[in-house]
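*Asks:* 3D, please:
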Amino acid sequence: MAVLVNAETRVICQGITGSFGAVHTKGCLHYGTRLVGGVTPGKGGTKDANGLPIFDTVDQAVKATGAEATMIFVPPAFAADAILEAADAGIRVICAITEGVPVQDMVRTRAVLDEMNAEATKRRSDEATKGGGSGGDGATKRRFTLIGPNCPGIITPGPKTGGGESPSDTYTTIGKKGLSGGGAGGGCKIGIMPGYIHTHVSEAKTGKSVGIVSRSGTLTYEAVWQTSRLGLAQSTCIGIGGDPIRGLNHIECLELFAADPDTHGILMIGEIGGSDESDAAHWIESARKSGRLTKPVAAFIAGQTAPPGKRMGHAGAIIGGAEDTADAKIKALNAAGVSVAMSPADMGSAIAKAMGLA
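*Replies:* Next up is the predicted model:
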């Protein structure tokens, strides 16, 4: 199993004919992702260089292909509209890779998505009440899940079955049974991450998988490389992005990994700015007491030497108050019983130690 996406997920690319969209569509297709088409207004009815059908709108693409996930590679000025168009068409997982989306655009976009999800949550809760069941937790009740913007995307690794050089020789293929025997063991890569550094649980020496959530794309890749070298697999890796207004946060990803039976440990990578990591620390402490979280968690917080008031890389990586500092976040995580690596070189060993494997 995995969270949000798997080998059966049908994916489209918004901005498929742009330079970045074309390159990463090819990369995802060669990895083994089930890409079923793309969207570029005005080019509907044609095909891209890979032979994938192009549509004028997301709604047309969904109706023709059954797509349930999208990766967005459109210019920043149009990214918010692309996100809302995907949601309006019923796309379940929306990965906005675009960097530089105006904050005001994202404020409005989040407000619309939150309203749509609130309506879906109320409907499901009402249905569960009538049926005498549970409505599920906050992470599983959303109708639409936005990842990003300004993020590397999401990947559920699959076992290596080919060279990854062409659509006929993909890195991983659909159809191999997963650890629990209840689904495909192939992979799904939606975004810009290098697929080959990831490890499927069937190929991990320890037989254990780690779920990774990170605000930094580069540190995500480093964490994947380190855990793979230590004999650990990755169940799913989610790059949530470094913008101040974005989709998924740390807590929502922790909820997903906590509920996934094939995730055996969680590695959380944060940075200065905002209260996301401190909030996650409080959630971890509460979830441990209530029994909602029983898995080991390790973390790394970037920006430990950052001076107040200076933006460090990401738009959201700026210290605005005492709670925004790396030191405050590390203290909160330590208080919650999280194993915190003090150097990015120690992320892999931190989670391995927390899992009792080092």
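
*Asks:* now P102, nearest residue through space, not along the chain?
*Replies:* Distances taken as C-beta to C-beta, 6 or more residues apart in numbering put P76 closest to P102, at 6.7 Å, once the chain neighbours are dropped. To be clear about C-beta, it is placed using only N, CA and C from the backbone, and glycine gets the same treatment.

*Asks:* didn't that neighbour look like it was pressed against V103?
*Replies:* No. P76 is beyond contact range of V103, at 10.9 Å (criterion: C-beta atoms under 8 Å).

*Asks:* neighbours of the residue nearest to P102, how many?
*Replies:* Close neighbours of P76, defined as other C-beta atoms under 10 Å, add up to 14.

*Asks:* by mean pLDDT, point me to the weakest helix or strand of this protein.
*Replies:* Between all helices and strands in the chain, the lowest mean by mean pLDDT, DSSP states H and E belongs to helix 138-141, at a mean of 48.

*Asks:* who does the very next helix or strand once past that helix pair up with?
*Replies:* For helix 138-141, the following helix or strand on the C-terminal side (DSSP states H and E) is strand 145-147. Using DSSP bridges, the strands paired with strand 145-147 are strand 93-96 (parallel).

*Asks:* tell me the mean pLDDT over the strand it pairs with?
*Replies:* Throughout strand 93-96, pLDDT has a mean value of 98.

*Asks:* and the helices in the stretch 51-200 of the chain, which stretches?
*Replies:* Applying DSSP state H, counting those that start in this stretch to the stretch 51-200 of the chain gives helices spanning 58-65, 76-88, 103-131, 138-141.

*Asks:* Serialize those helices to a markdown table and add fields for distance to K47.
*Replies:* Listed next are the helices of the stretch 51-200 of the chain as a markdown table, based on distance: least, C-beta to C-beta, whole Å:
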| stretch | distance to K47 |
| --- | --- |
| helix 58-65 | 13 |
| helix 76-88 | 21 |
| helix 103-131 | 30 |
| helix 138-141 | 36 |
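
*Asks:* and those helices: which comes nearest I147?
*Replies:* Of all the helices of the stretch 51-200 of the chain, it is helix 76-88 that lies closest to I147, at 10.4 Å by C-beta to C-beta.

*Asks:* show me what that closest one is packed up against.
*Replies:* Helices and strands touching helix 76-88, by 3 or more C-beta pairs under 8 Å, 6 or more residues apart in numbering; DSSP states H and E, are strand 10-14, helix 58-65, strand 69-72, strand 93-96, helix 103-131.

*Asks:* which one, of those, ends up nearest to N334?
*Replies:* Of all these, it is helix 103-131 that lies closest to N334, at 30.8 Å by C-beta to C-beta.

*Asks:* how about low-confidence regions in this structure?
*Replies:* Flagging of the chain using pLDDT under 70 yields the residue ranges 1, 131-142, 174-185, 307-322.

*Asks:* ok, the most far-flung residue of the chain relative to its centre to K122 distance?
*Replies:* In the chain, counting by C-alpha atoms, centre = their mean, K130 sits farthest out from the average C-alpha position, at 32.9 Å. Using C-beta to C-beta, to the nearest Å, K130 is found at 13 Å from K122.

*Asks:* now swap in C13 and tell me
*Replies:* C13 sits 32 Å away from K122, going by C-beta to C-beta.
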